[in-house]
Structures are given as structure tokens and as C-alpha cells.
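A.B. asks: When you get a sec, could you give me coordinates for this:
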Amino acid sequence: MPVALLVLTLNEIDGMKKIMPKIDKKLADEIVIVDGGSTDGTVDEAKKMGFKVIPQKIQGHAGAIIAGVEATNSDIIVIFGPDGNHYPEEIPQLIEKINEGYDQVVISRFGKGSVNLDATIIENFGNRMFAFLTNVLFGGHFTDSLNESRAITRQAFIDLKFDAQGMNSTEQMSIRGIKKRQKIVEIVGNEGKRLGGKKKMKAMQVGANLSAHIIKEFIFWQSEK
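C.D. replies: The predicted model follows:
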């Protein structure tokens, strides 16, 4: 199946220079840089490297995903961040698993044997807690329900009726994937240290947003039964 690689950026000039040259362009039929308004030269660097750049209409992580999906046509959608947290070698692994028949494939940063070089103690605890809540409330088997590094088929994405806002995007993909009984699998991976720029996530704000989202998803799910 054809593959679309969505590379989400916001002031990631260092990652653009160091990470993107490591990606084999032959892996994807479509590669788009979805930019959230970079002011550090990320867009110019991407264009210089020959990548198609799509500006976001809706700000935030969820808005970037929506823009990338709408700008592509391929059956497989791979989401990737060039900030150093994700490894280019994850991309062919994600594609391979989708081609085996899975609807969603997620790289787990907290699986058995994973090495995480970027998460703080609070972030580590939060990620594990939200994976636990996702599993207990919705019947999942995640060790990492939040990771951005993932692949999903276009049809599975359509079935999610994706309407997330901000950083609850990947959690919604995980929860609604369970609700829709999608075939989901994790691949144990690692998280590298950020390359330059600033971390976009604000732990307390994101944590509150995710908590509210999980409660909302659970209440509506129960009312639909």
C-alpha cells in the first residue's frame, strides 16, 4: 500500500538538518513537512532539501495531523517528529507492521527494554499513568498510549472521527482505536534526546487536558452502550 510520511515541525531547524537526511525517501510515496509556524528557518531548510511543506490552518499537534492527512492520499499514514526523540529506523518497522494487517502501530518508549533519554521523572510517570488508565477504562494493552511515532491506515483514521485538540491527539487515536476494535500493536522502541529547539509540551497543562479527555471519552462511550 502507498505510504504518506507526515513530518510535524515547529522550530526544528536542528532536527531538520540532522535527522531528515537519514530518512530513506524511497520508504514513502508522499513526504510532507507539516509546519506550525516556524520562525527559525525550518521551512526554508525543508524546501532546500526538496520536501513539500504544508502550513497548518489549525494550530496544535492535532491540527498538524489533520493538515497532513488532508494534504495526502496514501493508504498508510506515518507520523514522525524530527526533534531527535524519534529514530528514522522506526519508519520501516511501522510500515512493515501495517502491511501485516494492523490498523495502528505504535512505537512504545516504555516497553520492556526501552531506553528513554528525554522524559523527566514527571513525564515518565504521567505517560505510564495515562497508558494504565487507557487500559483499565477501555480494555487496551498499551505500555505507551501517547507516543507520536505511529502509523495508521487511512481508513482506520477516518473511522476514528478524529476531532482532537492540541496534545490529546495521540491519546484519542489510541482510545478510539480500542473503541472501534481496531487491530493495534506496539513495537518496543526508544526515545532519543531532543536536538536543539524547545520542548513543546507543558507537563501540567497537557496532563490536565489529557485527564479531561479520557473522562470525556469514557462517559460518552458508556452512554453509547
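A.B. asks: got a list of what residue 113 touches?
C.D. replies: Contacts for residue 113 (CB atoms under 8 Å, 6 or more residues apart in numbering) come out as residue 188. C-betas here are computed from N, CA, C, even on glycine.
A.B. asks: and it, what pLDDT?
C.D. replies: What the model reports as pLDDT for residue 113 is 87.
A.B. asks: swap in residue 55?
C.D. replies: 95.
A.B. asks: Also residue 127?
C.D. replies: On pLDDT, residue 127 comes in at 90.
A.B. asks: Which residue is the nearest non-sequential neighbour of it?
C.D. replies: residue 146 (5.6 Å; CB to CB, 6 or more residues apart in numbering).
A.B. asks: Identify the residues contacting that neighbour.
C.D. replies: Here residue 146 is in contact with 127, 130, 131, 170, 171, 174, 210 (criterion: CB under 8 Å, 6+ apart).
A.B. asks: Top of those by number of neighbours, please.
C.D. replies: Among those, residue 174 has the most neighbours (other CB atoms under 10 Å), with 27 neighbours.
A.B. asks: Contact partners for that one?
C.D. replies: Listed by CB under 8 Å, 6+ apart, the contact set of residue 174 reads 104, 106, 134, 140, 142, 145, 146, 184.
A.B. asks: Tell me the secondary structure at it.
C.D. replies: With DSSP: H, G, I helix; E, B strand; the rest coil as the basis, residue 174 sits in helix.
A.B. asks: what about it, distance to residue 68?
C.D. replies: 18 Å (CB to CB, to the nearest Å).
A.B. asks: I'd say residue 22 and residue 86 touch.
C.D. replies: No: contact status for residue 22 versus residue 86: not in contact, 11.0 Å apart, counting by CB atoms under 8 Å.
A.B. asks: Those two: which is more packed in?
C.D. replies: Counted by other CB under 10 Å, residue 22 and residue 86 do not tie: residue 86 has more neighbours, with 25 against 11.
A.B. asks: Downstream of the host helix or strand of residue 170, the next helix or strand is which one?
C.D. replies: Following DSSP states H and E, one finds residue 170 within helix 169-179. With elements assigned by DSSP H and E, the helix or strand that comes after helix 169-179 is strand 184-188.
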